[in-house]
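Predicted model and sequence below, questions to follow.
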Amino acid sequence: MHMNNQRKLTRKEKIELSKQSTGAPAPGKKSVVSRNKLKLMLGLIAAAFGFLLYIGTINYEYTLDDFSTIKENHIVQKGISGIGTLLSTSYRYGYWSSNDELYRPLTLVMFAIEWELFPDSPPVGHLINILLYALTAILLFNLLSRLFKNNLAVSFIATLLFMAHPAHTEVVANIKSRDEILSFLLSIVSIGWLLDYLETKKLSKIIWSAVLFFLALMAKESALTLIAVIPLLLFVFKDIPLRKGLSAVTPLAIATFVYMMIRASVLHGVINTKKVAILDNVLASAPDFFTRCITAIYVLGRYLLLLIFPDHLSMDYSYSEITLLKIGDYRFLLSLAAYLAITVYAIYRIRKKDPIAFSILYYLISISIVSNIFVVIGTVMADRLLYLPSLSICLVVAVLLTRIFKTTETGLKDSKVALFLKQNMKPLALASVVLVLYSFKTITRETVWENDMELYKSGVEDSPNSSRCQYLLGIEIRNKILKPLKDSVDQAMLEKQAVDPARTAKVKMLHDQVAVQFRKAVELCPYNFDAYRDLGRNYDEQGDTMRAIENYDMALHYNPYESLTLNNKAVIFFHMNKYGEALEMFKLAVRSNPRYADGLKNLGSCYGVFKDYDNAILYFNKSLEFETDDAKKPETYRMMGMTYQYMGNQPMADVFLEKSRKQAEENKLKKLQ
């Protein structure tokens with residue numbers, strides 16, 4: 001006879017058992033929750049680290065390309081109403097009113113919204129860059145922790161190294177370079193959604209992945225290299241065969257195709273046919289493909305060196321900081337040897353799903369689009385172009401450190417950061433040495449982006465053979481130091497006040513200093529027509545008309561239809577009473593740039609001399625339409641008033657003379673504020 005010896009459960013025990021079956025987490029679930037908490041905390045630490053590294057940039061001014069994309073971009077300054085135009089025109093259309101070879105509307109749309117809400121506010125732009133960079137840390141760490149599932153130390157170290165890498169200073173500290181941050185950030189999220197789809201097979205996941213990848217491309221086209229990276233990622237970290245990996249990225253490839261079609265429609269051709277300026281990229285002057293490749297491989301060697309030892313960074317590497325190389329040059333040979341070595345290693349080890357091999361291939365693929373080997377781009381080299389590829393070196397260092405110390409966390413079930421740090425003390429301690437060095441370099445390097453003067457001084461120091469750096473420093477000295485001093489001296493003389501001879505002498509000294517910078521620029525690069533033009537202007541301001549014309553002619557020799565040079569030379573002819581020649585030059589200037597306010601005003605003035613008052617009024621009005629500097633408007637209003645007087649229309653003359661007076665008063669009030 002079978003006896004049931006199992007005792008009955010008490011009421012309290014039944015309630016406890018019920019709780020366990022319906023609400024209390026199982027031991028495995030507790031481990032997952034605990035690990036997720038740890039991942040969240042580590043991600044936040046990495047984000048806070050990145051935020052603190054760059055918080056000092058929040059009060060920096062607009063610098064360099066911020067002017068063409070924000071400060072002087074008339075479409076961006078329309079705010080929300082300009083978004084439609086930004087989506088249907090090229091990247092710098094709002095700056096020079098013609099198509100260029102780039103289509104990156106997403107970041108410009110963000111700038112337009114910011115201008116609508118916080119007009120002309122660099123701190124807002126810098127803060128958003130910093131916040132997006134910090135958010136990148138969280139998302140990047142989360143993605144890496146999914147890939148390196150048995151080793152959070154790799155993900156944490158790699159993310160910290162990425163946040164600290166000094167090559168990123170241009171990207172974060174220069175508002176314009178938000179396109180790099182945004183594109184990479186959206187790409188990370190897109191890959192995350194793709195992994196979700198592969199795990200759940202939910203259609204919505206892959207749709208979101210494709211949408212986010214499309215947005216990443218709309219931020220910057222360099223994201224398209226990830227189409228080749230993702231199948232490798234799935235092969236190494238998810239054990240998905242390459243063929244299946246390629247099919248998995250089909251929706252992202254479709255998103256890329258859609259982007260390329262939109263780009264082609266906007267730019268009227270997928271491939272840009274505009275000739276790259278030699279001043280921007282010395283490779284444009286290469287006599288043949290062979291020479292171009294040799295020099296491009298040397299530049300790739302410099303990129304590789306900057307990834308490992310990011311010491312000698314620069315705002316500019318253009319002509320003639322980098323020159324064309326010959327096949328026997330040791331710099332080319334060393335670079336070629338280095339790339340052959342890492343390529344062979346990567347190809348051999350990728351079959352064994354080696355993360356270092358993946359990192360190398362990721363680097364080679366992501367750098368390829370800016371390598372100048374397949375197509376000559378608008379710059380020979382730039383720190384910002386290392387942003388996407390730089391993750392590779394961070395991964396390599398993190399993997400090597402954990403391999404050396406044989407670090408794993410498969411048994412880590414506690415969410416305490418202290419325990420994680422203790423368990424990974426050795427690799428983290430060694431990584432900290434690199435982090436301290438990187439952080440010090442980053443903090444000191446970011447200060448050069450405080451304003452244009454500091455930036456261009458650093459450019460001359462870091463790249464003394466760069467024609468552009470010499471030129472830009474001359475422009476900044478003229479605009480920020482010489483012009484205010486000269487204007488005050490001229491105003492004192494106009495008001496017949498006594499002028500301190502020391503101030504007059506300083507004006508002369510500054511003119512000479514500016515001329516030195518421009519002459520250095522043209523010595524380094526005879527194609528630098530901007531430097532010739534502004535050297536001519538410098539002589540013109542000093543009353544040396546003949547040398548001014550000589551330099552204007554040199555500028556026009558290299559760029560016959562450059563609107564500023566045509567305008568400046570026409571002004572000299574106008575003052576020499578050569579009105580016919582001046583008129584034709586002013587016409588060419590505004591034909592070259594229909595939105596050139598100064599040229600339009602001068603053309604109107606020239607028509608006035610010929611008593612063609614209707615055309616004079618027409619071009620004065622066009623000048624006011626495109627004038628963004630309120631300080632120049634009183635003079636244009638006054639000239640319109642005078643023209644109406646000559647036409648015998650006193651009522652209209654009074655209207656515009658009053659507008660001139662009111663605008664001048666408003667300008668004075670703004671200065672006082």
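All right, it came through fine.

got the buried residues for the one helix or strand Val154 maps to?
Here Val154 sits within helix 152-164, counting by DSSP states H and E. Under the neighbour-count criterion of 16 or more other Cβ atoms under 10 Å, helix 152-164 has 152-164 buried. Backbone N, C-alpha and C define where each C-beta goes, glycine included.

Using the three-state scheme, assign Val499.
On the three-state scheme (DSSP: H, G, I helix; E, B strand; the rest coil), Val499 is labelled coil.

okay, and the helix or strand of the protein with the least pLDDT?
helix 11-22 (a mean of 47; mean pLDDT, DSSP states H and E).

who touches Glu581 in this structure?
Counting by Cβ atoms under 8 Å, 6 or more residues apart in numbering, Glu581 touches 570, 573.

Next: the one 4 residues further on.
Neighbour list for Met585: 566-567, 569-570, 573 [criterion: Cβ under 8 Å, 6+ apart].

circling back: helices or strands next to the helix holding Val154 in the packing?
helix 27-54, helix 122-147, helix 391-404, helix 425-446 (3 or more Cβ pairs under 8 Å, 6 or more residues apart in numbering; DSSP states H and E).

Please identify which of those helices is closest to Val282.
helix 425-446 (24.5 Å; Cβ to Cβ).

now for that closest one, which elements pack on it?
If you count contacts as 3+ Cβ pairs under 8 Å, 6+ apart, helix 425-446 packs onto helix 27-54, helix 152-164, helix 169-173, helix 391-404.

Ser68 is nearest to which of these?
Across these, closest to Ser68 is helix 169-173 (Cβ to Cβ), at 15.4 Å.

Which residues outside that closest one are in contact with it?
Against helix 169-173 from outside (Cβ under 8 Å, 6+ apart): 54, 57, 60, 63, 126, 129-130, 133, 177, 180-181, 313, 315, 382-384, 387, 442, 445-446, 449.

Could you point out the helix or strand that follows that helix?
Sequence order places helix 178-200 as the next helix or strand after helix 169-173, per DSSP H and E.

Go through that next one and flag the buried ones.
178-198.

Report the contact partners of Ala210.
190, 251-252, 254-255.

Redo the helices and strands packed on helix 425-446 as a markdown table? Include mean pLDDT.
Formatted as a markdown table, those follow (pLDDT from 0 to 100):
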| stretch | mean pLDDT |
| --- | --- |
| helix 27-54 | 83 |
| helix 152-164 | 95 |
| helix 169-173 | 96 |
| helix 391-404 | 94 |
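
got those as a markdown table, with distance to Leu324 columns?
Formatted as a markdown table, the helices and strands packed on helix 425-446 follow (distance: least, Cβ to Cβ, whole Å):
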| stretch | distance to Leu324 |
| --- | --- |
| helix 27-54 | 36 |
| helix 152-164 | 33 |
| helix 169-173 | 25 |
| helix 391-404 | 28 |
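
Ok, which of those helices comes nearest Asn479?
Closest approach to Asn479 among the helices and strands packed on helix 425-446 (Cβ to Cβ): helix 169-173, 21.2 Å.

and the closest one, how far from the chain's centre?
Averaging C-alpha positions (Cα atoms, centre = their mean, to the nearest Å) puts helix 169-173 8 Å from its chain's average.

what's the span of stretch 516-536 from first residue to last?
From its first residue to its last, stretch 516-536 covers 12 Å (Cα to Cα, to the nearest Å).

What residues of it count as buried?
517-522, 524-536.

do stretch 339-349 as well
By neighbour count on 16+ other Cβ under 10 Å, the buried set for stretch 339-349 is 339, 342, 346, 349.

can you check stretch 364-375 too?
Neighbour counts over stretch 364-375 (16+ other Cβ under 10 Å) mark 364-367, 369-373 as buried.

Would you work out how far apart the start and end of it are?
16 Å.

neighbouring contacts of that stretch?
The contact list for stretch 364-375, computed with Cβ under 8 Å, 6+ apart, reads 221-222, 224-226, 228-229, 271, 281, 283, 292-293, 296-297, 299-300, 303, 339, 342-343, 346, 377, 380, 382, 385, 388-389, 392.

If any of those residues are buried, give me the PyMOL selection for them.
Restricted to buried positions by 16+ other Cβ under 10 Å, the PyMOL selection for the contacts of stretch 364-375 reads:
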select buried, resi 221+222+224+225+226+228+229+281+283+292+293+296+297+299+300+303+339+342+346+377+380+382+385+388+389+392
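
Which ones among the contacts of stretch 364-375 lie within strands?
Among these, none falls in strands (DSSP state E).

Cross-reference the contacts of stretch 364-375 with the helices and report the matches.
Of the contacts of stretch 364-375, the ones assigned to helices by DSSP state H are 226, 228-229, 292-293, 296-297, 299-300, 303, 339, 342-343, 346, 392.

and which of those residues is nearest to Glu562?
Using Cβ to Cβ, those come closest to Glu562 at Arg292, 26.9 Å.

Relative to Ala228, how far out is the closest one?
Plainly put, Arg292 is 23 Å away from Ala228 if you go by Cβ to Cβ, to the nearest Å.
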